[in-house]
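Undergrad: Below: sequence and its predicted model.
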Number of protein chains: 4
Amino acid sequence: MHQTAIEGQCLDDSKSKRQQILKAAYDVFSRKGYHRATVDEIIALADTGKGTVYNYFNNKEQLFYTLIQERGEPFALALEKIASSNLSPAAKIEDIIRLSLAFYIENVDLWRVFIHEVRGLSESNQSNFTPEMLERYKNGFQHIAGSVENVLSEGVEQGLFHPMNITHVAYSLFSTIMMMVYHKFVDTDMELTVRNIANLFFHGIMRQ
Amino acid sequence: MHQTAIEGQCLDDSKSKRQQILKAAYDVFSRKGYHRATVDEIIALADTGKGTVYNYFNNKEQLFYTLIQERGEPFALALEKIASSNLSPAAKIEDIIRLSLAFYIENVDLWRVFIHEVRGLSESNQSNFTPEMLERYKNGFQHIAGSVENVLSEGVEQGLFHPMNITHVAYSLFSTIMMMVYHKFVDTDMELTVRNIANLFFHGIMRQ
Amino acid sequence: MHQTAIEGQCLDDSKSKRQQILKAAYDVFSRKGYHRATVDEIIALADTGKGTVYNYFNNKEQLFYTLIQERGEPFALALEKIASSNLSPAAKIEDIIRLSLAFYIENVDLWRVFIHEVRGLSESNQSNFTPEMLERYKNGFQHIAGSVENVLSEGVEQGLFHPMNITHVAYSLFSTIMMMVYHKFVDTDMELTVRNIANLFFHGIMRQ
Amino acid sequence: MHQTAIEGQCLDDSKSKRQQILKAAYDVFSRKGYHRATVDEIIALADTGKGTVYNYFNNKEQLFYTLIQERGEPFALALEKIASSNLSPAAKIEDIIRLSLAFYIENVDLWRVFIHEVRGLSESNQSNFTPEMLERYKNGFQHIAGSVENVLSEGVEQGLFHPMNITHVAYSLFSTIMMMVYHKFVDTDMELTVRNIANLFFHGIMRQ
DNA sequence: CATGAATGAGTATTCATTCAT
DNA sequence: GATGAATGAATACTCATTCAT
């Protein structure tokens, strides 16, 4: 288990232990869901000792949420960047669809677990999440949906979109995107999928 | 708990035992999710003995899926009835939205659990489900979505709807409906919600 | 593990499971102390399944305190009976010494563990002890010492004993008794030990 | 934590490291008892690294017993000095009571832990204690009690004290002293407590 | 010498399932 | 059929100890 320090990669070694664990945890949580995932399986995959996991994470729950956080934050930031860019609202929506598809394809299993498990974890909070952080997590992609709402709002103001309940519509878009990934409906040509979703979302199914 | 064995009510009793268990199971599974739900809590609520559960159901898993089946089947049948009615495709879609909203409102928690759990079923199949049953469950609302696909198909043929991938669009509709319920976005005036969803689905967000 | 129900002792069987566990727990706790004692060893000795322990007791801690309670209560009652009898104070003291010696000889190891562990268990109270009960336990033999205090008080009032701090003296007597047992100083002729302790306690070491 | 290795203080430093650890260990063992005490907490208090502890002590157990030894030896020596002084037996006893009270007040928590833990040492002897050392420890204050026995013996020979089992009586005295400290019965005016104990010990409770 | 990251043996506890009554 | 006492496999987590730097 102790690395026979042959090569000179020792510098990032300690850093990589944590990364190894996170990577393994991602695998196992995605495949098994939160409850069926066992720490034993994670350490077997991470090729590490059981105690090491608990050196880096307080408990299974925190390991899980660290994973979510590390994966979700860059995505949320990228979304915000699109929303505040100079593109037209319609172009922004297309970009958002494209980015979201890519993100969910990468994280679909973990995200599904997250969306499911985040309920029912409020009380048993021994993790060191501040209540605010927990709230943020509990709202799931609410934070993420915010960016879309801004774009929709912008489009309505410019008279490009119909008046609407922007929150509902934003969530509708995301639910469709997640569903497409979830059911493996995404074409190998992702651009095609982007256009299909955008089309449905922009013009609906009805002729004229 | 101990039946004061007067008489005559035995038939009723044994029948209702099963129903009591299913009702209790619905409550507990909905509130706790599959893994956090315990047989102990279910029998406490059902006011029955632990062994009795195993007289009617092979195991916890089968109890869960029996629940799904008993709740889902009437819904699927009602959908089929709408799909094969004489209404216009658009009117059918509206009826389907209305019916589905009502169904998910009634079953949101259990269904959420179901959608989640059905994934982890492939690997550890110690249950006595035939592969076909499993397949049917794994497809989740596939059966249900079929009815919508038929309506969409009909609309496209009649030139009322744009050409589209009917499967994708059908699932998109359902994902939006479920999301609306899931996030408690449904108005007290349900009819308003029905119209909003139908509007978005028929005409999209874009003006003109 | 399931008893091949040959004989007709089935009636007290369920009762005896609990008793088997308590007996085994007594053995192990006495020998190993609270922390070194393992549930595994207890069940091995009790010839029972691990779950069975948790059917009867909430956790290791409660198992331990149940033991203490079941052993200590009869002793406390017997002491009270002596204290409120018609004997002379001196005769009561002798009876108390005799009874206490017998009790500690029987329970020395468990009691030593108890006296030690009772500190530091106040906070982690997930057991279903009421705070009052816990307080009673925390005070150790305070309850028990009360009976002796009453007898001493009586003797002082009758002018038989010197004025004294009755609490301190009562505890002194018990500490001597426990120490005698603890160090296995008790003669095979217990009556001799009783007289020796009583002599020291009544007249001290100094001539005249 | 990281020594800014200036110089010259290395000798002092390494010496004080050991002392820091012993001091911290005393604190933690006293507060938590042997089992609940963790090496992690000790090093946090000692402001040192985990490995350092194992440079100076073979293991947790030896750290504990080193502590006992370093604290107990000066006390034992002081007792011997009193015993072999020119004072009268009664005056020696009073001095011994005074000294012992002071010692136990200072070390009550650690000593309580020690008295308790010394029992569980026989079975699992993976420590590097020689059997003789172990025996010495197991006898607890036997070494200490020896001094009192000598004084008692002296008093009996001089016809000042009743004939008695000197070992039992010596232990009785110590058990009372320890109990007084243990239960925080010691007056702020310690001299009063000394006199009370001496009185009880010399003359007993009975009038005449 | 000092350090602390890595380790894994050891443990309490849970809970689905069985089976004798 | 109904029951629930008994069961033990499964699992998260702790913490003393090691060893490469």
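TA: Sure, I can see it.
Undergrad: got any ranges where chain A has weak pLDDT?
TA: A:1-15, A:118-141 (pLDDT under 70).
Undergrad: same thing but 80
TA: Counting by pLDDT under 80, the low-confidence segments of chain A come to A:1-15, A:115-143, A:208.
Undergrad: The longest helix belonging to it vs helix B:89-117, what angle?
TA: Determined from DSSP state H, the single longest helix within chain A is helix A:89-117. Angle, helix A:89-117 to helix B:89-117, by axes from the mean of the first three to the mean of the last three CA atoms, to 10 degrees: 40 degrees.
Undergrad: Might you calculate how far helix A:89-117 sits from the centre of the chain?
TA: Centroid displacement of helix A:89-117 relative to its chain, using CA atoms, centre = their mean, to the nearest Å, is 7 Å.
Undergrad: In that helix, which residues are buried?
TA: Buried positions in helix A:89-117, judged by neighbour count with 16 or more other CB atoms under 10 Å in any protein chain shown: A:89-90, A:92-104, A:107-117. The C-beta positions use only the backbone N, C-alpha and C, and glycine is treated the same way.
Undergrad: mind listing what the closest residue to A:His116 other than its chain neighbours touches?
TA: Nearest non-adjacent residue to A:His116, counting by CB to CB, 6 or more residues apart in numbering or on different chains: B:His116, 4.3 Å away. Neighbouring residues of B:His116 by CB atoms under 8 Å, 6 or more residues apart in numbering or on different chains: A:Gly33, A:Arg112, A:Val113, A:His116, B:Gly33, B:Tyr34.
Undergrad: And A:Ile144, by the same measure?
TA: A:Gly72, A:Phe75, A:Ala76, A:Leu79, A:Phe174.
Undergrad: Checking the nearest residue to A:Ala83 once chain neighbours are set aside next. Helix, strand or coil?
TA: Nearest residue to A:Ala83 in three dimensions, chain neighbours excluded: A:Ser147, at 4.1 Å (CB to CB, 6+ apart). Classification of A:Ser147 using DSSP: H, G, I helix; E, B strand; the rest coil returns helix.
Undergrad: now for the helix or strand hosting A:Phe174, which elements pack on it?
TA: Secondary structure from DSSP states H and E places A:Phe174 in helix A:166-182. Helix A:166-182 sits against helix A:89-117, helix A:142-157, helix A:190-203, helix B:166-182, helix B:190-203, with contacts defined as 3 or more CB pairs under 8 Å, 6 or more residues apart in numbering or on different chains; DSSP states H and E.
Undergrad: what residues does it touch?
TA: Residues contacting helix A:166-182 (CB under 8 Å, 6+ apart): A:93, A:96-97, A:100-101, A:104-105, A:108, A:111-112, A:141, A:144-145, A:148-149, A:152-153, A:156, A:185-186, A:193, A:197, A:200-201, B:168, B:171-172, B:174-176, B:178-180, B:183, B:185, B:196-197, B:200, B:205.
Undergrad: what do you get for stretch A:38-53?
TA: Under CB under 8 Å, 6+ apart, the answer for stretch A:38-53 is A:Met1, A:Lys17, A:Gln20, A:Ile21, A:Lys23, A:Ala24, A:Ala25, A:Asp27, A:Val28, A:Lys32, A:Lys60, A:Leu63.
Undergrad: hang on, the last one packs against A:Tyr26?
TA: Looking back up the chat, that one is A:Leu63. No: taking contacts as CB atoms under 8 Å, A:Leu63 lies outside contact range of A:Tyr26: 10.0 Å.
Undergrad: Now render the helices and strands packed on helix A:166-182 as a markdown table, adding distance to D:Phe161.
TA: Converted to a markdown table, these look like this (distance: least, CB to CB, whole Å):
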| stretch | distance to D:Phe161 |
| --- | --- |
| helix A:89-117 | 76 |
| helix A:142-157 | 84 |
| helix A:190-203 | 100 |
| helix B:166-182 | 87 |
| helix B:190-203 | 98 |
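Undergrad: To DNA strand F, which of those lies closest?
TA: Closest to DNA strand F of the helices and strands packed on helix A:166-182, according to CB to the nearest atom of the strand: helix A:89-117, at 13.0 Å.
Undergrad: Next one: the one residue in chain A that gets nearest to chain D from chain B, what distance?
TA: Going by CB to the nearest CB, chain D is nearest to A:Asn55 of chain A, at 11.3 Å. To chain B, A:Asn55 is 27 Å away according to CB to the nearest CB, to the nearest Å.
Undergrad: domains of chain A?
TA: A:8-56, A:64-203 (automatic domain parsing).
Undergrad: Would the last one count as contacting DNA strand E?
TA: Just to be clear, that refers to domain A:64-203. No: Domain A:64-203 stays clear of DNA strand E (CB under 7 Å from any atom of the strand), getting no nearer than 11.5 Å.
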